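Novice: Here's my sequence, what's the structure:
(6 chains)
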4 protein chains.
Amino acid sequence: MTKEEVLKNYRVGEILEAARRTIGRFGYEGCTVDRVAEEAHIAKGTIYLYFPNKDEMLHSAVVEGLRALTKELRSSDDASAPPIDRLLTLIKEMFRIQRAHEDFVKALILDSRFVSYEPGDRREEELRKVYLEMLDHLSSVLEGAMKDGAVRAIDPHLAAFMLSEMTSAALKRRLLGMNSEPVAAEEQTVLELFLYGVRGIRPAETNGR
Amino acid sequence: MTKEEVLKNYRVGEILEAARRTIGRFGYEGCTVDRVAEEAHIAKGTIYLYFPNKDEMLHSAVVEGLRALTKELRSSDDASAPPIDRLLTLIKEMFRIQRAHEDFVKALILDSRFVSYEPGDRREEELRKVYLEMLDHLSSVLEGAMKDGAVRAIDPHLAAFMLSEMTSAALKRRLLGMNSEPVAAEEQTVLELFLYGVRGIRPAETNGR
Amino acid sequence: MTKEEVLKNYRVGEILEAARRTIGRFGYEGCTVDRVAEEAHIAKGTIYLYFPNKDEMLHSAVVEGLRALTKELRSSDDASAPPIDRLLTLIKEMFRIQRAHEDFVKALILDSRFVSYEPGDRREEELRKVYLEMLDHLSSVLEGAMKDGAVRAIDPHLAAFMLSEMTSAALKRRLLGMNSEPVAAEEQTVLELFLYGVRGIRPAETNGR
Amino acid sequence: MTKEEVLKNYRVGEILEAARRTIGRFGYEGCTVDRVAEEAHIAKGTIYLYFPNKDEMLHSAVVEGLRALTKELRSSDDASAPPIDRLLTLIKEMFRIQRAHEDFVKALILDSRFVSYEPGDRREEELRKVYLEMLDHLSSVLEGAMKDGAVRAIDPHLAAFMLSEMTSAALKRRLLGMNSEPVAAEEQTVLELFLYGVRGIRPAETNGR
DNA sequence: GATGAATGAGCGTTCATTCAT
DNA sequence: AATGAATGAACGCTCATTCAT
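Specialist: The predicted structure follows:
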């Protein structure tokens, strides 16, 4: 990597971070080029040296943010541990990471751009791809647990997607001011709901494992 | 109701429907007054005869749409049936209604305005209220099933919220092009996931009941 | 005059009165067709049965209002009285009439349409004509006083115009919140200023006559 | 002052001049942002780089214009001259300045915004203040002449206001096409009217001084 | 490369005018 | 004749994008 490329990567990273902060603070709609530039302490025009337009910049910000979340999730995973333990750890990590990047995840939830309004959009495809990478990891862990018999036979991709949505939903519920319990208890309930459903008999032992 | 009121209600309804269609097609951001007017086959100015401003119109479109969904869900409920049957029927109805109003629900999913960026907003409050009414219905059915022992002890409001989110998630997954199975099979899987979780044994009888 | 014409005159009069009240309350800019219609307790469209457009209506309202003021001023004049007495009476009447129609005169002062921005405008001509009629009356009285020697040789039209402007200015000053004295005293000062200027000796008898 | 400030001041000045010209040509109501921008040979958006909104811009244009007139008037005053001479010079200067800035003064006369329809408006207050500064200068000269006995005892503020209005009225009369004499003669007549009133005996010597 | 002043298309909104009833 | 719902041109203003410095 040349010196120029290093500098370029640095600038791009700074801008994307500023963009994510701005999205977190003002939402997608309120995220103007002016605000991102101010947040990044650079001139407005400079952004256009690194991105062809606003949409591309915001897209990159989201994709990169999502990738970082996925990486963080993956790094906490111990592939040698028993599958069911891996699953439990994973879920707890999902909640933790979500809390750690609440503003950004909030923006993702509130202004989902996973599905664009123009089918076949290149950016939509990329976003989907990044999202699928995270889901693939979840589903592979689920499949491992399935082989162990710890988890019943179920479409692992569907289950992974639902798990992801349920954890997001927990944050959404909190943002809506509907949570009555402490966060930890709520998350535990969601975890048990995913594991045992509403009809499941005794989830007591999940605490221990 | 006088003739004028009938006409007014009709016009308001037409505009709100057009607004929902426009949101479905272009998203919240892309939903301009011009586009709604065009979709409703009226002049831009006409909208301002029925609504004080754009925000109020879009808010009404969402609230009314949500209310209609809730009403449709309620009307399918037989309060005299056994609670677990009511719950199963309810879930199946949720999927059916979602499919019947896909564009609107899509818009709700993609640009959630349940949480605004200005806390204490009057419209946010109303939206929340309408949403809570639907959740209250779900949770009351869940509580009935709990008393019967058909459902384990779990925060009914949290469970209702998760159920709502899981059904939305199913649509979202389809919109993302991630579904591989027929819709019916996918919905059955989500239903079972809500009932038994990933660890629960899939009982053959859930198909029948 | 046929029955239809009587009705038409009545309607026109009602609308013009409403227009003047609306101008007085909201100013020229704030005087919308909607507001005039509401003030006249008729439908908006009805106005267009009696006037080709808004401008014509407002013009008529002003012209008619001005004519009424002129008529009121004339009616108080006793042509057989000594010229100087007529002049004094006239000035006092000008102040009184101005006070009696303050809102309308205020609008005339604030948004003068005597000079339009399109030279040669038909309406401008008419407005000028009506205004000149009032000035002609003033100047004829002044000329009478000149022949008597009570007033020195001076362009009577110019003096009449200045007198009219000075009385308006008195109201303007009050509207600007610059008056410190009671209205009567202020008006007396203006009268004396017109009669004797700043250098002239203030003769005690002007109070009495 | 930095280079940026100089440029900014220049631009602001250009815009304000364009605004005054536009007011002069189309009146307050006809003075749209588009027209001002076109008159200034800049894009519409550029105006918003220098002013928060249209009202503020027009207000600044009027205030600045008025201040410039006041300054010009003041600069012609020789405080060491005999009061009556100062007064005569002042009045002649008022006429001259008025002629030199006819378009702008015309706009002031036609669409007076000294009295707004919303009392207590910040801008109204400022406008009044600037106007009062000019009047204060006039009245101080009048007071000086009063002490000398050259002018009789009269409320100096009222007299100053009337003088200002009389000079404006002269322009107004010309705009109305009512003047028959040369401008100089007309202005002389107004001056003598202010000094001696209509009853004053011999204004012949005012020519000489 | 970096800047930020300048641009102008596009937005939400108002309101004079029209016309079917 | 009277209505008022409907219209759409025109407004003030925002902001993504460009480009001379």
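
Novice: Kindly report the residues of chain A close to chain D.
Specialist: Residues of chain A lying close to chain D (CB under 8 Å from any CB of the partner chain): none. No exception for glycine: its C-beta is placed from N, CA and C like everyone else's.

Novice: where does chain A dip in pLDDT?
Specialist: Low-confidence segments of chain A (pLDDT under 70): A:111-120, A:201-209.

Novice: In it, what residue lies closest to DNA strand E?
Specialist: Among all residues of chain A, residue A:45 sits closest to DNA strand E, at 1.8 Å; criterion: CB to the nearest atom of the strand.

Novice: Using the three-state scheme, assign that residue.
Specialist: Using DSSP: H, G, I helix; E, B strand; the rest coil, the secondary structure recorded for residue A:45 is helix.

Novice: how close does it sit to chain B?
Specialist: The spacing between residue A:45 and chain B, counted by CB to the nearest CB, to the nearest Å, is 24 Å.

Novice: all strands of chain A, in order?
Specialist: Taking DSSP state E to define them, one finds no strands in chain A.

Novice: quick one on the thing from earlier: look up how far residue A:51 lies from the residue of chain A closest to DNA strand E.
Specialist: Note on residue A:45: its distance to residue A:51, by CB to CB, to the nearest Å, is 12 Å.

Novice: same deal with residue A:60?
Specialist: Note on residue A:60: its distance to residue A:51, by CB to CB, is 7 Å.

Novice: Quick check: residue A:87 touching residue A:139?
Specialist: No - the pair residue A:87 and residue A:139 fails to qualify as a contact (CB atoms under 8 Å) at a distance of 11.0 Å.

Novice: Residue A:45 and residue A:51: who's more crowded?
Specialist: In this view residue A:45 and residue A:51 are compared by other CB atoms under 10 Å in any protein chain shown, and residue A:51 has more residues nearby, 20 against 9.

Novice: ok, and the closest non-adjacent residue to that one?
Specialist: Counting by CB to CB, 6 or more residues apart in numbering or on different chains, residue A:57 is the residue found nearest to residue A:51 once chain neighbours are left out, at 4.0 Å.

Novice: Give me the neighbour count for that neighbour.
Specialist: Neighbourhood size, residue A:57 [other CB under 10 Å]: 22.

Novice: need the contact list for it.
Specialist: A:15-16, A:19, A:36, A:47, A:50-51 (CB atoms under 8 Å, 6 or more residues apart in numbering or on different chains).

Novice: ok, how many other residues are close to the closest residue to residue A:90 other than its chain neighbours?
Specialist: Leaving aside its chain neighbours, residue A:90 sits nearest to residue A:141 (5.8 Å; criterion: CB to CB, 6+ apart). Applying the criterion other CB under 10 Å, we find 24 residues in the vicinity of residue A:141.

Novice: repeat for residue A:5
Specialist: By the other CB under 10 Å criterion, the neighbourhood of residue A:5 contains 9 residues.

Novice: same question, residue A:79
Specialist: Residues lying near residue A:79 (other CB under 10 Å) number 10.

Novice: wait, doesn't it sit right on residue A:86?
Specialist: Yes - contact criterion CB under 8 Å: residue A:79 and residue A:86 qualify, at 7.4 Å.

Novice: Looking at residue A:87 and residue A:139, which one has more neighbours?
Specialist: In terms of neighbours (other CB under 10 Å), residue A:87 is the more surrounded of residue A:87 and residue A:139; the figures are 26 against 20.

Novice: contacting residues for the more buried one?
Specialist: Taking CB under 8 Å, 6+ apart as the test, what residue A:87 contacts is A:141-142, A:145, A:150-151.

Novice: and what of residue A:132?
Specialist: The contact partners of residue A:132, taken as CB under 8 Å, 6+ apart, are residue B:178.

Novice: if I look at it, how far off is residue A:161?
Specialist: As for residue A:132, its distance to residue A:161 is 10 Å (criterion: CB to CB).

Novice: Can you work out which residues contact both of these two?
Specialist: By the contact definition CB under 8 Å, 6+ apart, residue A:132 and residue A:161 are jointly contacted by residue B:178.

Novice: Confirm for me that the residue nearest to residue A:90 is in contact with residue A:82.
Specialist: No - the pair formed by residue A:141 and residue A:82 falls short of the contact definition of CB under 8 Å, at 10.9 Å.

Novice: count of residues packed around the residue nearest to residue A:9 when sequence neighbours are not counted?
Specialist: Setting aside the residues directly before and after it, residue A:9 is nearest to residue A:1 in space (CB to CB, 6+ apart), at 7.7 Å. The burial metric for residue A:1, expressed as a neighbour count using other CB under 10 Å, is 7.

Novice: Then residue A:144?
Specialist: Should you count by other CB under 10 Å, residue A:144 turns out to have 19 residues around it.

Novice: what's the spacing between it and residue A:83?
Specialist: Residue A:144 is 4 Å from residue A:83, by CB to CB.

Novice: And for residue A:98?
Specialist: Taking CB to CB as the measure, residue A:98 and residue A:83 are separated by 22 Å.

Novice: got the contact list for the residue lying closest to residue A:86 once chain neighbours are set aside?
Specialist: Taking CB to CB, 6+ apart, and ignoring the residues beside it in sequence, residue A:86 has residue A:141 as its nearest neighbour in space, at 5.1 Å. Residues touching residue A:141, when contacts are defined by CB under 8 Å, 6+ apart, comprise A:77, A:83, A:86-87, A:90.

Novice: Which of the residues you listed sits closest to residue A:198?
Specialist: Distances from those to residue A:198 were compared by CB to CB; the smallest belongs to residue A:87, at 19.4 Å.

Novice: how close does the closest one sit to DNA strand F?
Specialist: 42 Å (CB to the nearest atom of the strand, to the nearest Å).

Novice: swap in residue A:132?
Specialist: 27 Å.

Novice: and what of residue A:34?
Specialist: 6 Å.

Novice: how about that residue, what does it touch?
Specialist: residue A:44.

Novice: Residue A:166 touches residue A:193, doesn't it?
Specialist: Yes - with contact defined as CB under 8 Å, residue A:166 counts as touching residue A:193 (7.2 Å).

Novice: Count the neighbours of residue A:177 for me.
Specialist: Residues within reach of residue A:177, counting by other CB under 10 Å, total 10.

Novice: What sits closest to it if chain neighbours are left out?
Specialist: With CB to CB, 6+ apart as the criterion, residue A:177 has its nearest non-adjacent residue at 7.7 Å, and that residue is residue B:128.

Novice: I'd assumed residue A:173 was in contact with that neighbour.
Specialist: No - with contact taken as CB under 8 Å, residue B:128 and residue A:173 are classed as non-touching, separated by 11.4 Å.

Novice: Which residue does chain A have closest to chain D?
Specialist: As assessed by CB to the nearest CB, chain D sits closest to residue A:34 within chain A, at 12.2 Å.
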